[in-house]
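# Just to be clear, the model below is a prediction. Sequence and coordinates:
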Amino acid sequence: MYASEAITEESERTAFRKAEKKYKIYYDNTKKRKIPRPVDLSEVIDFKSILDKYDCNGELMEGVSALNCDFDRPIFCLESRPGFYFIPGALSVEDQCQWIRESLTSFPQPPNRTNHNAIYGPIEDLFIAANKGKVLILEESLLDSNRSEINVNQNDVSTSQWKFSEELDESHGKDACKSTSASVLLRKLRWSTLGLQFDWSKRNYNVSLPHKKIPDALCQLAKRMAAPAMPCGEEFQPEAAIVNYFGLADMLGGHLDDMEKDWSKPIVSMSLGCKAIFLLGGKSREDPPVAMFLRSGDVVLMAGEARECFHGVPRIFTDAENGEISPLECHFSGEDDLSYLNYIRTSRININIRQVF
Ligand SMILES: O=C(O)CCC(=O)C(=O)O
Ligand SMILES: [Fe+2]
């Protein structure tokens with residue numbers, strides 16, 4: 001998914017790529033500041049307004065239908081994309097706040113892996129460290145400054161380890177340049193994986209990597225959300241989840257999630273934080289994608305044929321007017337919540353839960 005795809009001239013010309021370019025953020029530079037270039041959103045499907053109209057008079061736009069099932073709120077389907085389900089506002093604001101907290105505190109904790117593992121190894125308590133203004137330092141440099149010259153084994157790289165320190169000060173010596181602030185690392189957090197760990201380099205699940213089970217509350221939620229898209233009489237088994245973190249200008253390129261064994265089982269995908277545009281293409285990148293808004297609390301299910309459809313997120317709206325996070329702002333109102341609020345004001349989090357086998 002995140003593997004860098006060689007961008008050839010040909011791939012630049014596909015219908016999916018054209019849509020990505022249409023919606024991604026571009027800036028106009030004025031003398032004073034960078035201003036996002038206006039984008040035509042008239043073709044973006046808005047399931048919130050579809051829900052409002054449907055609740056009001058049962059009316060639906062052409063190509064959209066409501067699923068007939070005993071779920072506690074309306075679920076919409078796209079006639080052109082069988083197996084795709086959209087549940088607008090599926091999560092209460094309280095639940096959204098809880099999953100934002102978990103996504104920033106417990107989900108990136110080892111043994112769960114994050115994009116930072118490859119460079120820094122496992123990092124504990126990144127969110128707390130970022131809020132305390134801590135700095136991640138290569139411990140080797142800490143040791144060197146305390147050791148006498150004679151004991152320093154220059155080849156002993158195995159002792160080097162990244163550790164949080166209060167601040168960069170004199171005691172860390174001249175090698176202290178190998179450091180990164182925790183707040184920068186938090187901004188650069190792009191994904192964490194829960195349950196069975198996904199190995200991005202091999203693009204498969206590596207069952208031998210140490211892992212914890214997906215937290216029970218998340219499992220229960222995923223089972224409840226997945227039920228309308230499950231084959232009759234079967235219960236969804238959440239075995240792995242990917243948490244995606246998006247800041248301004250971050251996007252998720254068009255991809256397929258094809259490493260799970262049974263595509264009749266849905267992927268349950270929850271949106272938190274700033275509004276985004278989601279592109280749902282067809283089985284080929286040449287198929288023109290459908291664009292839709294994803295807001296905090298929306299849940300999307302992709303099962304069956306929809307599992308074979310290219311999809312991606314070309315745009316996040318992080319400005320106050322378009323991010324639409326005011327319900328979260330009201331709930332994150334305590335002093336302890338300020339750090340979550342500061343993060344989510346300019347970010348989006350997506351948790352997508354999968355049955356692997
Ligand atoms: O962020 C999203 O809404 C989609 C995420 C996704 O497609 C993925 O992680 O595979
Ligand atoms: Fe995906």
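Great, that's in hand. Ligands and ions are numbered 1, 2, ... in the order given.
# What residues does the stretch 251-357 of the chain have near ligand 1?
For the stretch 251-357 of the chain, the residues in contact with ligand 1 (Cβ under 6 Å from any ligand atom) are 252, 257, 269, 271, 278, 294, 311, 313, 350, 352. Where C-beta positions appear, they are placed from N, C-alpha and C, glycine not excepted.
# And the one helix or strand the fourth one maps to, how far out from the chain middle?
It stands for S271. Under DSSP states H and E, the secondary-structure element containing S271 is strand 267-273. Between the centre of strand 267-273 and the centre of its host chain there is 8 Å, according to Cα atoms, centre = their mean, to the nearest Å.
# contacting residues around the helix or strand just after that strand?
If you walk from strand 267-273 toward the C-terminus, the next helix or strand you reach (DSSP H and E) is strand 276-280. Strand 276-280 is contacted from outside by 16, 19-20, 23, 44, 78, 81, 84, 246, 254, 289-294, 300, 306, 309-317, 348, using Cβ atoms under 8 Å, 6 or more residues apart in numbering.
# could you redo the last one with a cut-off of 7 Å?
Strand 276-280 is touched from outside by 16, 19-20, 23, 44, 81, 84, 254, 289-294, 309, 311-316, 348, with contacts defined as Cβ atoms under 7 Å, 6 or more residues apart in numbering.
# Residues contacting the helix or strand just after it, please?
As assigned by DSSP H and E, the chain's next helix or strand after strand 276-280 is strand 290-294. Around strand 290-294, the neighbours that count as contacts under Cβ under 7 Å, 6+ apart are 19, 23, 43-47, 78, 81, 271, 275-280.
# Tell me which stretches of this protein form helices.
Counting by DSSP state H, residue ranges of the helices within the chain are 15-23, 47-57, 93-104, 117-120, 126-131, 139-146, 182-187, 216-226, 320-323, 326-331, 338-344.
# right, so of these, which gets closest to V356?
With Cβ to Cβ as the criterion, V356 lies closest to helix 216-226 of the helices of the chain, at 12.9 Å.
# Report the buried residues of that closest one.
218-219, 221-223, 225-226 (16 or more other Cβ atoms under 10 Å).
# Low-confidence stretches in the chain?
Applying pLDDT under 70 to the chain flags the ranges 1-10, 140-159, 168-177.
# what does the domain assignment say about it?
Each domain of the chain is listed here as a residue range: 11-106+215-354, 117-187, per automatic domain parsing.
# Mind giving me the PyMOL command for buried ones among the contacts of strand 290-294?
Burial among the contacts of strand 290-294 is assessed by 16+ other Cβ under 10 Å; the matching PyMOL selection reads:
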select buried, resi 19+23+44+45+47+78+81+271+275+276+277+278+279+280
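# Most widely separated two among the contacts of strand 290-294?
Greatest spacing in the contacts of strand 290-294, by Cβ to Cβ: R81 and K275 (20.9 Å).
# Which residue is it, in this protein, that comes closest to ligand 1?
The shortest separation between the chain and ligand 1 is 3.2 Å, found at N350 (distances taken as Cβ to the nearest ligand atom).
# For that residue, the count of nearby residues, please.
As a burial measure, the neighbour count of N350 was computed by other Cβ atoms under 10 Å and equals 22.
# same deal with the one 3 residues further on?
For I353, the neighbour count with other Cβ under 10 Å is 26.
# Residue numbers of the protein in contact with ligand 1?
Listed as neighbours of ligand 1 in the chain under the rule Cβ under 6 Å from any ligand atom: 1, 242, 244, 252, 257, 269, 271, 278, 294, 311, 313, 350, 352.
# can you pull the contacts of the closest residue to R81 other than its chain neighbours?
Distances taken as Cβ to Cβ, 6 or more residues apart in numbering put A306 closest to R81, at 5.5 Å, once the chain neighbours are dropped. Taking Cβ under 7 Å, 6+ apart, we find A306 in contact with 81-84.
# Please repeat the previous calculation with a cut-off of 6 Å.
When the contact criterion is Cβ atoms under 6 Å, 6 or more residues apart in numbering, the partners of A306 are 81, 83-84.
# now it: how far from W263?
Here the distance between A306 and W263 works out to 9 Å (Cβ to Cβ, to the nearest Å).
# got it, and A229?
In terms of Cβ to Cβ, A229 sits 12 Å off from W263.
# of these two, who's got more company?
More neighbours sit around A229 than around the other of A229 and W263, counting by other Cβ under 10 Å; the figures are 24 against 17.
# I'd say the more buried one and S264 touch.
No - A229 lies out of contact with S264 (Cβ atoms under 6 Å); the separation is 9.2 Å.
# Just name the most buried of the domains of the chain.
Stretch with highest mean neighbour count among those: domain 11-106+215-354 (a mean of 17; mean count of other Cβ atoms under 10 Å).
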